[in-house]
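[1] Structure for this input, please:
(4 chains)
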Amino acid sequence: MSEPTRGLTDDDVDQVARLVESLDRSGFDFLQVELGDLRITIGTGSPPAPDVATPPPPPPVVAPVVAPAAVPAPVPQTVAPPPPPSVNAGGVEITAPTMGIFYARPEPGKPPFVAIGDVVEETTTVALVEVMKTFHSVAAGVRGTVVEVCVSDTDFVEFGAVLMRVDPA
Amino acid sequence: MSEPTRGLTDDDVDQVARLVESLDRSGFDFLQVELGDLRITIGTGSPPAPDVATPPPPPPVVAPVVAPAAVPAPVPQTVAPPPPPSVNAGGVEITAPTMGIFYARPEPGKPPFVAIGDVVEETTTVALVEVMKTFHSVAAGVRGTVVEVCVSDTDFVEFGAVLMRVDPA
Amino acid sequence: MSLRRVLIANRGEIAVRIVHACRELGIETVLAVSEADRDSLGARLADRAVCIGPPRAPQSYLDIARVVTAAVATGCDALHPGYGFLSESAGLARACVEHGLTFVGPTAEHLRAMGDKISARRLAREAGVPTLPGSEQVRTPEEALAVARGVGLPLIVKASAGGGGRGMKVVFDAAELPSVLTTAAAEAAAAFGDPTLYIERFVRNARHVEVQVLGDRYGHVVHLGERDCSLQRRNQKVVEEAPAPALPAEVRDAQHAAAVRLAERIGYESAGTVEFVLDRDTGEFFFLEMNTRIQVEHPVTELVTGIDLVQQQLRVAAGEPLSFGQADVVHRGHAIECRITAEVPSENFRPDAGRITVWEPPGGPNVRLDTHCLPGYLVPVFYDSLLAKLAVYAPTRDEAIARARSALRRFGIEGVGTTVGFLDFLVGRPEFADATMTTHTIADVIDQFAPADAA
Amino acid sequence: MSLRRVLIANRGEIAVRIVHACRELGIETVLAVSEADRDSLGARLADRAVCIGPPRAPQSYLDIARVVTAAVATGCDALHPGYGFLSESAGLARACVEHGLTFVGPTAEHLRAMGDKISARRLAREAGVPTLPGSEQVRTPEEALAVARGVGLPLIVKASAGGGGRGMKVVFDAAELPSVLTTAAAEAAAAFGDPTLYIERFVRNARHVEVQVLGDRYGHVVHLGERDCSLQRRNQKVVEEAPAPALPAEVRDAQHAAAVRLAERIGYESAGTVEFVLDRDTGEFFFLEMNTRIQVEHPVTELVTGIDLVQQQLRVAAGEPLSFGQADVVHRGHAIECRITAEVPSENFRPDAGRITVWEPPGGPNVRLDTHCLPGYLVPVFYDSLLAKLAVYAPTRDEAIARARSALRRFGIEGVGTTVGFLDFLVGRPEFADATMTTHTIADVIDQFAPADAA
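    Numbering: from 1, shown residues only, chains lettered A, B, ... in the order given. Have a look, this model is predicted:
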């Protein structure tokens, strides 16, 4: 997913995101930046005619906002359908299917559902998210190896927040 | 200006964002910047075709606003210092040293001070501008040939309005 | 002010309005946003925004569990529901209490009692407020026909769980009654989860006049005068004004007194509105329903009284007694509000969405704009089409009309279709100028509106 | 409205204010701009802007010939001078009449009579309005010493052509009088082209209270209540409010009556302000001067009366009689205005210029902002440093103070230094809270202001 020279770093993505926001605040339809071998195109509607050899622009990324929360006892009750996995710099993201309280473990004192380095299948439950005593189990949605857990146990997560990243098999 | 491979720095993004904002505040539809290997395009609607050798779009010109006015008899009274001549696409501009009523002739029925094709010296009086019975004579401020008279006799001209253009000798 | 941090469970202009009210009182704000509203003006103005779900309201703005969880998780001590969405949900008010949150509104019991329109009619009658001739719950065609004989025709069949103009059917011929009853019950069950119906006399030539009340938890109730909201399209208010023009003083006073009587009798707390229908042919007025929340049209009352209703809601919710009495309420001048929506009048008011490319509101003092729009704002497809409320104030009604029309004509909006030109047409109608408008005026004159003429 | 097109001979926030007033009345606007103001907000909002000269005011905003020529050449039928610049120029008013233009203000004779402060004192006395013990023109040190013996010390030497706090010197010791007289005359000659001086008693502990009047050409005069403008820095108003707090009813009534008496006696037309000094030690009040134009601080009066003063000026100038009488003026609530200037409090209020990079005004109803600033606006070096007038309304003075402070704290401005933090400090002072402020309060407390503490 990245060429020999260098990939998109976090900083690159931040910068692109800032450009996206800048364009979004403006009344314009598109923005193109070319700098050396870097070329960025952002826009509305159909993308501008690809000049010569333009790679597709990277999708803008919105980072999750995470905050601490109160800790009720987790009692799994319902199963949410797994969100469609999205590929990103750091692997495939597993995002919160609902806003709520993130639980890394099935019960206090038990080991977590998954840890970094664990191999998961699409249907592996990797966490729970609770909304007022209703628990949504989060399936990995992808096969691969967990490379990052982005949220701490019992954190409050917003809808769509990135919970984990998986290096797909 | 840039080494072979580099990403977008904070400064780069700041600069582009400023361009977006600047264009957004303006009345224009697009902006292109090319500098060495840097190329920036911002715009509305479909982006301009990436012509290889397009001359830059002509800068929009704000034409002086001209309106009819009452016509008192011109009686020269004072002499304004000639404004500094400024060079433009169409030659050196002679601008109004004051807002007022433009007179191309010393008196009604007399021939105009100058006509297209006339040769003028720095000190040649080319017109009068009247503000409530006070007349300011306008000196050419440049040697050359009058190529355009931009204002009609007895037009109201704003301060700084372009009155004539002179092809400098 | 004992409230420290308020979760705002709403969006659009009212979210912005509540943020301003809170900030002035030194209260922090957390705005619950759907994914579609992450970058909204309200989200930028609030101290914090939390994304509670996807764009569709049932999974975000209408989900009690998510809203309450967001409030608790972000350390809020209170929740303001705005209008619409969950604002009149007794379930939300109860959930707030259970989770130690102050609900900025009346009690769950008030919400329940007034949300059930049959119960509301009963309470009004008990408070000596005139109600329309009509029924309790109607179950069978036979019952309905018996009621029709007493009430007379035309009549109106209403869903008890409806309100705000929704779930109503007018019947002109008794023969239609059985079939109307069947479809109305089915629709009410589908829309509100409750098929219960009742019947009222239908007033042909009606004005909609409503009285703003404000109560605290210590039993004090004041009214802040009335509003006329007769200009409605399909039972939705379009133009509102305060005070109601050409209202005989005794009718005005009687309406104020009736509204206060009802609020006092039930110990009403927070801002509320008692709605009346005024029969133009007889001069009688009757209770319609009580809205137990801040109203969309509250700015006109604020403009003519100078009292900030949203701040009063917050103060009352914080347990403060009202700081003023009835005699302290000074009514001055006239205010008119126009609801600017993203609808295309020339295409039968089709809701429009898309990016607002030009947004140039009229300026000047005495022109108040409540909005969440900005140049470049993307109007989402998921919610109602209200873009802005343009409210003007002037010493007299004629001046207010002139000011409203001038402001509408100076309003530059491009990118989405809007009702600005239609509102100018409406406010310029002779029926409005001479204050003879009824709730069917818009339907009567709408064909005369030529959108092409609008600027 | 018989006026069709008005030339606005001013700039900044008041130009914007006048554009709004005209547009609401259906009057076209032409804004006369200097080269520095070509791209100003006023220029954008007006129907047309004409560049009348270079940035320096003597060749643009202060040039009667250019202003009148611009009005005639653009087909205007009237001219509004705003405040400052040529607003009180009898010469401009006369030139307008000569060129068939309606001057939006009083007659040249009113401007002349009140512009000459010795003449103004005389007119006030003749109208039975109390004036300070003092003199007619003082020519020699001997005359001045004789006056000093009658008036007592301290006294104040004033330029008859001055006004608005300019051209004044306080004398505490009679021995200083001769030299003060010499320098004051020289300074008056230099500043106003007229060395004429007069003497008045100096009030040590003074409040500045002024009464807004409005007259038409048919002899009707009403007052719109008073304003307190005691918070002044170097004789320039900084914070103004309406009504004046803690004023005994009989003093308030007497001031209103005196102002109306003076305006009626001279047949005053248009908006005007009669300024009084109120002696805190004795409770007496005395005439100071009459301002024959719209005042900077007019918004506070508009907020508490609901009357648009600039529109009233235009109506009166168009020959309309006042549409309301004294009994129709309803005073409600309290308003406070803070003048936000581009000055650096920590550097002895050095005026600042440059580009405003961040401009985020506080929002919400009851917060009125009169301004010509926008994000990206370049504050020119050529004019006064007023950026915006932040005016708030609330039912009570305490609430207005809280609202003003909240609004100031929410005001985000970057790029130039401003007085926002200083204003918050001032409005938060106990002298202001308990309404014991005098015209020397700012001087007394300014050292306690720590700019670093300001947000």
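[2] mean confidence score for stretch C:351-359?
    For stretch C:351-359, the mean per-residue pLDDT is 95.
[3] Using neighbour counts, pick out the buried residues of that stretch.
    Residues C:P351, C:D352, C:R355, C:I356, C:T357, C:W359 are the ones in stretch C:351-359 that count as buried (16 or more other C-beta atoms under 10 Å in any protein chain shown). Using the backbone N, CA and C atoms, a C-beta is placed for each residue, glycine as well.
[4] The second one is in contact with C:A342, isn't it?
    Yes. The criterion here is C-beta atoms under 8 Å, and C:D352 meets it with C:A342 at 4.6 Å.
[5] Now list whatever residues contact both of the two.
    When contacts are counted by C-beta atoms under 8 Å, 6 or more residues apart in numbering or on different chains, C:D352 and C:A342 have C:V379, C:S385, C:V416, C:G417, C:T418 as shared neighbours.
[6] So what does the third one have for phi and psi?
    Backbone dihedrals for C:V416, given as degrees, to the nearest 10, come out at phi -130, psi 150.
[7] ok, now which ones touch it?
    C:A342, C:D352, C:A353, C:G354, C:R355, C:I356, C:V379, C:L387.
[8] if I pick the first one, what's in contact with it?
    It refers to C:A342. C:P351, C:D352, C:A353, C:V379, C:S385, C:L387, C:V416, C:G417, C:T418.
[9] mind listing what the third one touches?
    Put plainly, it is C:A353. Applying C-beta under 8 Å, 6+ apart, the residues contacting C:A353 are C:A342, C:L378, C:V379, C:P380, C:V381, C:V416.
[10] C:L92 is in what secondary structure piece?
    For C:L92, the host element (DSSP states H and E) is helix C:90-98.
[11] Name the residues that touch that helix?
    Counting by C-beta under 8 Å, 6+ apart, A:132, C:9, C:64-65, C:67-68, C:71, C:79, C:81, C:86, C:102-103, C:105-109, C:111-112, C:115 sit against helix C:90-98.
[12] Among these, the buried ones, what's the PyMOL command?
    Applying 16+ other C-beta under 10 Å to the contacts of helix C:90-98 leaves a buried subset, and the PyMOL line that selects it is:
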select buried, (chain A and resi 132) or (chain C and resi 9+64+65+67+68+71+79+81+86+102+103+105+106+107+108+111+112+115)
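[13] I'd like to know which of the contacts of helix C:90-98 are part of helices.
    Cross-referencing those against helices under DSSP state H gives C:I64, C:A65, C:V67, C:V68, C:A71, C:A108, C:E109, C:L111, C:R112, C:G115.
[14] that older thread, out of the contacts of C:A342, who's nearest chain D?
    C:L387 (16.4 Å; C-beta to the nearest C-beta).
[15] domain ranges for chain A?
    According to automatic domain parsing, chain A is divided into the following domains: A:1-79, A:86-167.
[16] hey, what's A:F102 bridged with?
    Following DSSP bridges, A:F102 is listed with bridge partners A:V129.
[17] Among the buried residues of stretch C:351-359, name the ones in strands.
    C:P351, C:R355, C:W359 (DSSP state E).
[18] Tell me which residue lies nearest the centroid of chain C.
    In chain C, the residue lying closest to the centroid (C-alpha atoms, centre = their mean) is C:Q295, at 3.7 Å.
[19] What helix or strand is C:F422 located in?
    Element membership for C:F422, per DSSP H and E: helix C:420-427.
[20] now swap in C:G42 and tell me
    Assigned by DSSP H and E, C:G42 falls in helix C:41-45.
[21] helices and strands around the helix or strand following that helix, which ones?
    Sequence-wise, the next helix or strand downstream of helix C:41-45 (DSSP H and E) is strand C:48-53. Here strand C:48-53 touches strand C:28-34, helix C:64-73, going by 3 or more C-beta pairs under 8 Å, 6 or more residues apart in numbering or on different chains; DSSP states H and E.
[22] quick check, the helix or strand where C:V209 lies touching chain D?
    Using DSSP H and E, C:V209 falls within strand C:206-215. No. Interface with chain D: strand C:206-215 contributes nothing (C-beta under 8 Å from any C-beta of the partner chain), its closest point being 12.9 Å away.
[23] How about the residues of the stretch 251-400 of chain C by chain A?
    Looking at chain A, the residues of the stretch 251-400 of chain C close enough under C-beta under 8 Å from any C-beta are C:R355, C:T357, C:V358, C:P375, C:G376.
[24] For the second one, give me phi and psi.
    C:T357 adopts backbone torsions of phi -90, psi -40, taken as degrees, to the nearest 10.
[25] buried ones in the helix holding C:L92?
    C:A90, C:L92, C:A93, C:R94, C:A95, C:C96.
[26] one step back: per-stretch mean pLDDT over the domains of chain A, give me the minimum one.
    Mean pLDDT is lowest for domain A:1-79 among those, at a mean of 48.
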